[in-house]
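> Below: sequence and its predicted model.
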Amino acid sequence: MPDIIRRFFWDLAPFKNEFFMFIPDIFWIFAILNILLFSIWLSNYIKSLYISRLIIDLSVPVIIFSFFFLYLFKDLNLISMANLKVDSFYFFFRMLFLFFFLVCLLASRNFFLLEKIYLYEYPILLLLAAEGSFLMLMTDNLFVFYLALEIQNLSFYIIASLKRYSNFSTEAGLKYFLLGAFSSSILLFGLSILYGLLGTLDLREIYILIGYENIYMDINLFLLVGIFFLISGLLFKFGSAPFHYWVPDVYEGSPTVVTMFFSLMPKIVLTFFFVKLYFFLFHFQVEFFSTLFFICGFLSLFIGIFNAMYQYKIKRFLAYSSITTVGFVLISFSTLTFDGFFGGLYFVFSYLFSIALFFFLILNIRKINLKEFNELFELSLLSNNNPVLLLFICFIFLSFAGIPPLIGFFGKFFIFFSLLNSFNYFILFVLFILSVISSFYYLRVIRFIYFNKVGEYQFYYNFNFNYIFFFIFYFNILFLFFFDYFGEFIYFVLIRTFF
C-alpha cells in the first residue's frame, strides 16, 4: 500500500506547480460546498430571517482566507496545461475583486432581515459567480473564458430575480436572462468563426498566427468579423451602448444588494479582459478597433448623460451613470495605446470606490417605516436629522462629477492625459465638454438634497456603519496624497506582466 501511495504522488509530481496555483480556487470551491450543505441542514431545523445574515457572516472568513492564500502565492508566475495563467496582473485584479466582494457582503448583512426575505442562497450564488470571475481572470483561452462567463451569468440570472414575489424583480431576471443568452450566442458565434479560421482559441497562438503575412492577408475580413462579434458580446456584458437597453431595467428591478454587485464585479473582470485583448488581438487592425471603441464610447456617453438628467429614481440614475462610466472607459481604450488602457483601468478603479461607498450608505439607511430610499429627492430627509451623513453623500457625488481632490478627478485626469499623449485633440475636446455636462446632473442631485424639501415630513432610521465604510470614505477624500504611488503600482504591474 505505501508503494501505491508513493507511486501516486510520484505521478503527480510534474503537476505540483499547477496544484499550487489552484490552491485558492480549490479552497473556494470546498468552502462553497460546505456552506451549501450547512445551509441546507440548518434550514431544516430553523426557519428564521437571520439565516441569510448567518450565511453571509460565514462567507466573510472565506474571503479573508482567500486573501491569505493569495499572499502566500503572490510570487507565482505560471501557465498551466489548460492555459490558465497566474501572474502579477491576475493577483492585482483578484485582490481588487475580493475587496469589493467583501464590501458587497458586509453591506448586505441587514438587507434580507429588513426586506423579510428568507433566502440563504444569496451568498452561495455570489460565491459561485465569484469563482467564475476568477477563472475569467486566469484564462488565456477564449473558450474557457466563455464557460467561466456562463458560470458567472447563471448566478446573475438567479440573483436578479431574488424577490420572488416582486413583479419588478421577476421582470429584471427574465429580461437579463433573455438578453444575456442572446449576447452569449453572439459571443459564441464570434468564437466559432475564429476557431474555424485559425484552428485555436488560445490567445497566445492567435497572436502568433495573425502575425504571419500570408494568413493575415487571406482571412483578414473574416477574422475581423469574428473579433467584432466577440467584442460585441463583451460590450453587452459591459453595459455599453448600443447594447445598454437591459441596464436600467435590470438595475431598477433587482434588489439593491444585487444592483450593487452588478455595478461592481462585472466591470472589474471585463476591464481586465479588455486590457488582455489589447496585448493579443487589437494590434491586428488598429484603426478598426479604435473606431469601434470610439463609436461605442461616444454613444454610451451621449445616452448615459442625457438620460440621467431626467431620472429621479436612484437605481435608474445609477444605471445611466454606469453607462456614462463605460463610455469614458471605452473612449480611453479607443486610443489603443498603453497610456489609454492604463487611464481606463485607473478610471474604473476610481469609479468602483465611489459607487461602492454610495451603495454601502444607501443599504444602511432606511425611512421610519424601514422602506428603502427610492427617489433622489428623498435624500433631503437627511438634512434635518443627520447633516454629517448628508455631507458624506455630497462628497460621493462630487467624486462622481470629477471634482478635485476626490478620487473621481484622478480617474478622469488620466483619461484626458492619455488622449493628450496620443494627440487626439478633437476627442479630448469632445470628452471634456461631455464631462462638464455629466458633472451637471451630479450637482443637480446635490441641489435636490439641500434645496428640495419633501412635502410630507418623514423621519429616517440609520444603522451603525462599520469600519469598511469609513475606510472607503477616507480613501476617497485623501486619495490626493497617494494617487501617484497607486498609479506607479498599476503601471509596474502592467509592464511586468506584458513586457
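The structure has been received and is ready for your questions.
> Chain neighbours aside, what residue packs nearest to F417?
Excluding its sequence neighbours, the residue lying closest to F417 (Cβ to Cβ, 6 or more residues apart in numbering) is G343, at 6.5 Å. Bear in mind the C-beta positions are built from the backbone N, C-alpha and C, glycine included.
> Mind listing what's buried along the one helix or strand the one you found maps to?
With elements taken from DSSP states H and E, the one containing G343 is helix 338-363. For helix 338-363, a neighbour-count test (16 or more other Cβ atoms under 10 Å) marks 338-363 as buried.
> Same question for stretch 111-129.
Taking 16+ other Cβ under 10 Å as the neighbour-count basis, stretch 111-129 is seen to contain the buried residues 111-112, 114-115, 117, 119-129.
> Determine which two of those residues are furthest apart.
Of all pairs drawn from these, the widest gap by Cβ to Cβ lies between L114 and L128 and measures 24.7 Å.
> any idea how far the nearest residue to S321 once chain neighbours are set aside lies from F38?
Take S321 and drop its neighbours on the chain: the residue closest to it by Cβ to Cβ, 6+ apart is A308, 5.8 Å away. Plainly put, A308 is 43 Å away from F38 if you go by Cβ to Cβ, to the nearest Å.
> got the contact list for N421?
If you count contacts by Cβ atoms under 8 Å, 6 or more residues apart in numbering, N421 has them with 337, 339.
> State the pLDDT value of it.
N421 is assigned 87 on the pLDDT scale.
> That one and M309, how far apart?
Separation of N421 from M309 (Cβ to Cβ) stands at 31 Å.
> can you check T256 too?
Taken as Cβ to Cβ, the spacing of T256 relative to M309 amounts to 23 Å.
> okay, those two: which has more neighbours?
Regarding T256 and M309, a neighbour count based on other Cβ atoms under 10 Å identifies T256 as having more, with 20 against 13.
> List the buried residues for the longest helix seen in the chain?
Using DSSP state H to assign secondary structure, the helix with the most residues in the chain is helix 167-198. When neighbours are counted by 16+ other Cβ under 10 Å, the buried residues of helix 167-198 are found to be 169-173, 175-177, 179-180, 183-184, 186-191, 193-194, 197-198.
> Tell me how far that helix lies from the chain's centre.
Between the mean C-alpha location of helix 167-198 and the chain-wide mean there is a distance of 18 Å, by Cα atoms, centre = their mean, to the nearest Å.
> so who does the nearest residue to V225 once chain neighbours are set aside touch?
Using Cβ to Cβ, 6+ apart and skipping the chain neighbours, the partner closest in space to V225 is I193 (6.1 Å). I193 sits next to 222-223, 225-226, 229 when contact means Cβ under 8 Å, 6+ apart.
> Parallel or antiparallel, list what pairs with the next helix or strand after the helix holding G343.
On the C-terminal side of helix 338-363, the nearest following helix or strand under DSSP H and E is strand 365-367. In the sheet containing strand 365-367, the strands it pairs with under DSSP bridges are strand 460-462 (antiparallel).
> and the partner strand, average pLDDT?
Mean pLDDT, strand 460-462: 56.
> One more: stretch 202-214?
Within the predicted structure, the mean pLDDT of stretch 202-214 is 77.
> and what of stretch 154-174?
Mean pLDDT, taken over the full extent of stretch 154-174, equals 87.
> Endpoint to endpoint, that stretch covers what distance?
Start-to-end span of stretch 154-174 (Cα to Cα, to the nearest Å) is 12 Å.
> where does L154 land in three-state SS?
Following DSSP: H, G, I helix; E, B strand; the rest coil, L154 is assigned to helix.
> For Y176, see how far away it is.
11 Å.
> who's in contact with E115?
Contacts for E115 were tallied using Cβ under 8 Å, 6+ apart; they are 163, 255.
> per-residue confidence at it?
Here, the pLDDT recorded for E115 equals 78.
> can you map out the strands along the protein?
78-79, 85-86, 365-367, 460-462 (DSSP state E).
> Quick one: neighbours of the residue nearest to P266 when sequence neighbours are not counted, just the number.
Nearest residue to P266, sequence neighbours excluded (Cβ to Cβ, 6+ apart): K237, at 6.0 Å. Burial measure for K237: 21 neighbouring residues, criterion other Cβ under 10 Å.
> Kindly report the same for G199.
Taking other Cβ under 10 Å as the criterion, the count of residues near G199 is 10.
> Mean pLDDT per helix and strand in this structure: which one sits at the bottom?
helix 2-12 (a mean of 49; mean pLDDT, DSSP states H and E).
> need the contact list for the residue nearest to F417.
Neighbour list for G343: 332, 414-418 [criterion: Cβ under 8 Å, 6+ apart].
> How much space separates the closest residue to F347 other than its chain neighbours from L420?
Using Cβ to Cβ, 6+ apart and skipping residues adjacent in sequence, the residue nearest F347 is G411, 3.7 Å away. Here G411 is placed at a distance of 15 Å from L420 (Cβ to Cβ).
> what about these two, which has more around it?
G411 (29 against 12).
> Quick check, that one in contact with F353.
No - the criterion here is Cβ atoms under 8 Å, and G411 misses it with F353 at 9.3 Å.
> Helices along the stretch 301-450 of the chain, start to end?
Shown for the stretch 301-450 of the chain, the helices assigned by DSSP state H, counting those that start in this stretch span residues 314-333, 338-363, 382-385, 387-401, 407-421, 425-451.
> Same list (these) but as JSON lines, adding distance to L96.
Putting these into JSON lines (distance: least, Cβ to Cβ, whole Å) gives the following:
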{"stretch": "helix 314-333", "distance to L96": "15"}
{"stretch": "helix 338-363", "distance to L96": "7"}
{"stretch": "helix 382-385", "distance to L96": "30"}
{"stretch": "helix 387-401", "distance to L96": "18"}
{"stretch": "helix 407-421", "distance to L96": "14"}
{"stretch": "helix 425-451", "distance to L96": "24"}
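> pLDDT weak spots in this structure?
Along the chain, the model assigns pLDDT under 70 to residues 1-19, 47-49, 74-82, 211-219, 452-499.
> can I get the CA coordinates of stretch 351-369 in CSV?
As requested, the backbone C-alpha atoms of stretch 351-369 are provided in CSV (Å, rounded to 0.1, in the frame of the first residue of the first chain):
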residue,chain,number,x,y,z
TYR,A,351,-15.5,54.6,-10.1
LEU,A,352,-15.6,51.4,-8.1
PHE,A,353,-14.6,53.1,-4.9
SER,A,354,-17.2,55.8,-5.3
ILE,A,355,-20.1,53.6,-6.3
ALA,A,356,-19.3,51.1,-3.5
LEU,A,357,-19.4,53.9,-1.0
PHE,A,358,-22.7,55.1,-2.2
PHE,A,359,-24.4,51.7,-2.2
PHE,A,360,-22.9,50.9,1.2
LEU,A,361,-24.6,54.1,2.5
ILE,A,362,-28.0,53.5,0.8
LEU,A,363,-28.2,49.9,2.0
ASN,A,364,-27.7,51.0,5.6
ILE,A,365,-30.2,53.8,5.9
ARG,A,366,-34.0,53.5,6.0
LYS,A,367,-37.0,55.6,6.4
ILE,A,368,-39.1,55.3,9.5
ASN,A,369,-41.2,52.5,8.0
